[in-house]
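1. got a structure for you, letters missing:
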Ligand SMILES: [Zn+2]
């Protein structure tokens, strides 16, 4: 990944280039973003830049041996940690990221803007929560204690440190605090408030900003077909739901709740909640006469305008609040049929 391929966040990219050029490379960095805004892409471009043998014009060359290894995510000194669980794609009893590295590489090389739900699906653990367990810490400490294969930096890109338990953090702490020479940790989080304080406090933090409308469209257009299919499935579900609610069709509304609960994984259900939250924000913006800051595809304009005219003044605020509560409950493994029946019922009543 080169910086020139990054969508949005030019200021963050520039700050990373400056850090590398000036030699002030933070040995522990925490990038936090709303899911899908490109923190992983930035981290990959940064590490590629640091290790490029032929940097030019504030970017890596994309051609030297190190850049070519980075493009395939097979650089021997760059390691990846991400939440895993037992599943059909690995026979390991205590799986670590290494058990699924092949699937991670396929996913991240094709689309570094992937979501947590995409990752769960790629490694075949859709129905489980991914975790970063203590076996992972042991594996990383082992890898970092070996001499670097190449001359440049060794890096650990740590995706979703909020999924790490205390024991894992304790094991890693010393390494994060005093890493071997020319070694850096980059943590990428979607929930900085959930990252253990012992880790958080040792990192330089960088905010990766939300993408604007045009940048979001570019990310969407770049994604593999299956992601666009997901967008269509979510949009169909959301419009069926809003049409049923505004038509005062309770049975239709409850059927939509069942269809959401039947999405194949908890991560997918959460992804739908994020999607629906964004759609409701768009409705709210139209109601507030601010359509220019809503993120609306031209072909969906009529749908949004029509729904906005049929919703009451408090519908959007209440619904966004209810959706947030549902996301928290999904994380606590509450039965999804009950959750989504309750959610659509509340939306039906607050119209
Ligand atoms: Zn290069």
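-> It's in. Worth saying up front: this structure is predicted, and the values here are computed from it rather than measured.
2. Could you pull up phi and psi at residue 226?
-> The phi/psi pair for residue 226 (degrees, to the nearest 10) reads phi -60, psi -30.
3. Which residues are in contact with it?
-> Residues in contact with residue 226 (C-beta atoms under 8 Å, 6 or more residues apart in numbering): none are found. Heads up, the C-betas are built off the backbone N, CA and C, glycines and all.
4. So it versus residue 118, what's the distance?
-> Using C-beta to C-beta, to the nearest Å, residue 226 is found at 9 Å from residue 118.
5. now do residue 266
-> 14 Å.
6. These two: which has the busier surroundings?
-> residue 118 (23 against 18; other C-beta atoms under 10 Å).
7. quick one: the nearest residue to the more buried one once chain neighbours are set aside from residue 312, how far?
-> In this structure, residue 118 finds its nearest non-sequential neighbour in residue 107, 6.4 Å apart by C-beta to C-beta, 6 or more residues apart in numbering. Residue 107 sits 42 Å away from residue 312, going by C-beta to C-beta.
8. So which bits of the stretch 1-150 of the chain are right by the ion?
-> 52, 54, 60-61, 64, 67 (C-beta under 5 Å from the ion).
9. One more pass at 8 Å, please.
-> Neighbours of the ion within the stretch 1-150 of the chain, by C-beta under 8 Å from the ion: 48, 51-55, 60-68.
10. what's the closest of those residues to residue 25?
-> Residue 25 lies nearest to residue 51 out of these, by C-beta to C-beta, at 11.3 Å.
11. From residue 67, how far off is the closest residue in space to the closest one that isn't next to it in sequence?
-> What sits nearest to residue 51 in space, not counting adjacent residues and going by C-beta to C-beta, 6+ apart, is residue 152, at 3.7 Å. Distance check for residue 152 against residue 67: by C-beta to C-beta, it reads 11 Å.
12. Now do the shared contacts for these two.
-> Counting by C-beta under 8 Å, 6+ apart, the residues touching both residue 152 and residue 67 are residue 51.
13. Pick out whichever of the two has more residues nearby.
-> Counted by other C-beta under 10 Å, residue 152 and residue 67 do not tie: residue 67 has more neighbours, with 21 against 17.
14. show me what contacts the more buried one?
-> Shown in contact with residue 67 (C-beta under 8 Å, 6+ apart): 2, 48, 51-52, 60-61.
15. Now do stretch 257-271: everything it contacts.
-> 115-117, 120-121, 126-127, 129, 230, 234, 237, 240-241, 272, 327, 330-331, 333, 336-337, 339-341, 343-345.
16. Make sure I have this right: residue 31 is in a strand.
-> Yes: assessed with DSSP: H, G, I helix; E, B strand; the rest coil, residue 31 lies in a strand.
17. Counting neighbours, what do you get for it?
-> 26.
18. That one contacts residue 209, doesn't it?
-> No: under the criterion of C-beta atoms under 8 Å, residue 31 makes no contact with residue 209, lying 11.0 Å away.
19. Quickly list what's touching both of the two.
-> residue 12.
20. returning to what we had before: which of the residues of the stretch 1-150 of the chain next to the ion fall within helices?
-> Secondary structure defined by DSSP state H assigns 48, 51, 65-68 of these to helices.
21. List the contacts of residue 209.
-> If you count contacts by C-beta under 8 Å, 6+ apart, then residue 209 has 8-9, 11-12, 33, 37 around it.
22. Let's see the PyMOL selection covering just the buried ones among those.
-> To isolate the buried members of those in PyMOL, using 16 or more other C-beta atoms under 10 Å:
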select buried, resi 8+9+12+33+37
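23. Now the residue in the stretch 101-250 of the chain positioned nearest to the ion, what are its backbone angles?
-> Taking C-beta to the ion, the ion has its nearest neighbour within the stretch 101-250 of the chain at residue 152, 10.2 Å off. Main-chain torsions, residue 152, degrees, to the nearest 10: phi -80, psi -140.
24. ok, and what's touching the one helix or strand in the chain whose mean pLDDT sits lowest?
-> When the helices and strands of the chain are scored by mean pLDDT, DSSP states H and E, helix 213-222 comes last with a mean of 86. The contact list for helix 213-222 (C-beta under 8 Å, 6+ apart) reads 7-8, 36, 38, 111, 113, 211, 227-228, 231, 295, 297.
25. now stretch 99-119
-> Taking C-beta under 8 Å, 6+ apart as the rule, stretch 99-119 contacts 1, 7, 35-38, 40-41, 44, 71-74, 80, 82-84, 89-90, 92, 97, 122-124, 126, 130, 159-160, 190, 219, 222-224, 227, 265, 267-268, 270-271.
26. Just the ones of the residues you listed in helices?
-> Checking the contacts of stretch 99-119 against DSSP H, those in helices are 40-41, 44, 71, 122, 219, 222, 227, 267-268, 270-271.
27. Out of the residues you listed, which two are the most distant from each other?
-> 71 and 270 (30.5 Å).
28. got the residue ranges for the helices in the stretch 251-351 of the chain?
-> For the stretch 251-351 of the chain, the helices defined by DSSP state H, counting those that start in this stretch cover 266-287, 301-310, 315-331, 336-349.
29. among those, which is nearest the ion?
-> Once these are compared by C-beta to the ion, helix 266-287 is nearest, at 34.8 Å.
30. Give me the angle between that closest one and helix 336-349.
-> 10 degrees (axes from the mean of the first three to the mean of the last three C-alpha atoms, to 10 degrees).
31. which parts of helix 266-287 are buried?
-> Buried residues in helix 266-287, counted by 16+ other C-beta under 10 Å: 266-277, 279-280, 282-287.
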